[in-house]
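1. Give me a 3D structure for the following:
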Amino acid sequence: MIVVMGASGATGNALLRSLLTRGTPVRALTRTPHRPIPGLTGAQPPAVEVQYADATDPHSLRSAFKGADQLFLAMANGPAQVELETRVIDIAAQAGIRHLVKISAPAAEPDSPVAVSRGHHAVEEHLRASGLTHTILRPYAFMQNLLRLAPTVAQGVILGTMGDAACTYIDCRDIGDVAAAALTGPGLAGGTYALTGPEAVSYPELAARLTTLTGHQVRYVDLAPDDLRAHLIGKAHMPPWLADHVTEIQRLAFTRPDTPTSTVTDVLGRPPRTLDAFLHEHRAAFRR
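-> Next up is the predicted model:
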């Protein structure tokens, strides 16, 4: 049995759908059992169990992991992430989980300029010390997060602090497919893999593509890091830690230029989904 934590999130739900296409038995965990998990709004497939679990509730984790041998761990970034993910790892090891696939972050290093990445490094080290067979996936920038730009794109601007640095945006569905491959086959166990899309695209290039896609002018406005942070807190109403993270991850693209990897193609035998295809699929979200 494969347990999927974060089955309602972008990557966890993509994995759930990928496993369903394979007919693989899966236990989808959710903190809100009264809300339907995306993709399970109709008749629940017989291969899926839906169960309540919360990383703050050790008893619920022990119940959720009972009888399972593999676990997918993806949690939303946050101030308590290291504490919660290390707890999940410890309980998984005690419960008899044999293989854990973790979604990590780029630059997961002890001296990373990105605080969230430093946290992921700590979790990775804890996972390695746990004795669990594990697979670590390090995607960079999710294409799905670009949908958060839709309100300002509708006003004709993209705000950022990346200059002309480029990101290798990856579709969460490709992450889910790679995670499914790691959970259903032995080839990836024990490795750490950087996951990217097929190309590196800057914000000015993204603005040009959105201009073509929407038919209205979209321009990129480059801000100083402190100005972007102030905008995210004051206008986008982000909590300070998240505004810090967005600013830090954008500066990471500037200080450490990103290049595509071949991992998705190597694992899946097909190229990753393209940014243009994603934007076209969601073009209605970006139009006025």
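2. What residues of the helix or strand of the chain with the lowest mean pLDDT count as buried?
-> Least confident element among the helices and strands of the chain, by mean pLDDT, DSSP states H and E: strand 48-52 (a mean of 87). Buried residues in strand 48-52, counting neighbours by 16 or more other CB atoms under 10 Å, are found at 48, 51. C-beta here means a position set from N, CA and C on the backbone, and glycine is covered the same way.
3. again, but for stretch 188-206
-> 188-189, 193-204, 206.
4. Report all helices and strands that the least confident helix or strand of the chain contacts.
-> Helices and strands touching strand 48-52, by 3 or more CB pairs under 8 Å, 6 or more residues apart in numbering; DSSP states H and E, are strand 26-30, helix 58-65.
5. residues in contact with the longest one?
-> Taking CB atoms under 8 Å, 6 or more residues apart in numbering as the criterion, the residues outside helix 58-65 that touch it are 3, 27, 29, 51-55, 71, 87-88, 91-92, 94-97.
6. now swap in the shortest one and tell me
-> Contacting residues not belonging to strand 26-30 are listed as 1-8, 16, 19-20, 37, 40, 47-53, 64, 68 [CB under 8 Å, 6+ apart].
7. if you set the cut-off to 6 Å instead, what comes out?
-> The contact list for strand 26-30 (CB atoms under 6 Å, 6 or more residues apart in numbering) reads 1-5, 7-8, 16, 19, 37, 48-51, 53, 64.
8. just stretch 157-173 next, same as before
-> 10-11, 14, 139-144, 149, 195-197, 200-204, 207, 219-223, 225, 228, 250, 253-254, 258, 260, 273, 275, 278.
9. Which of these fall in helices?
-> Counting by DSSP state H, the contacts of stretch 157-173 place 10-11, 14, 203-204, 207, 225, 228, 250, 253-254, 275, 278 in helices.
10. quick one: low-confidence ranges for this protein?
-> 33, 39-46 (pLDDT under 70).
11. can you do 80?
-> Across the chain, the ranges flagged by pLDDT under 80 are 32-47, 288.
12. before we move on, the earlier item: return the subset of the buried residues of stretch 188-206 lying in strands.
-> Counting by DSSP state E, these place 193-195, 201-202 in strands.
13. Out of these, flag the one nearest to M75.
-> Of all those, L195 has the smallest distance to M75: 17.2 Å, by CB to CB.
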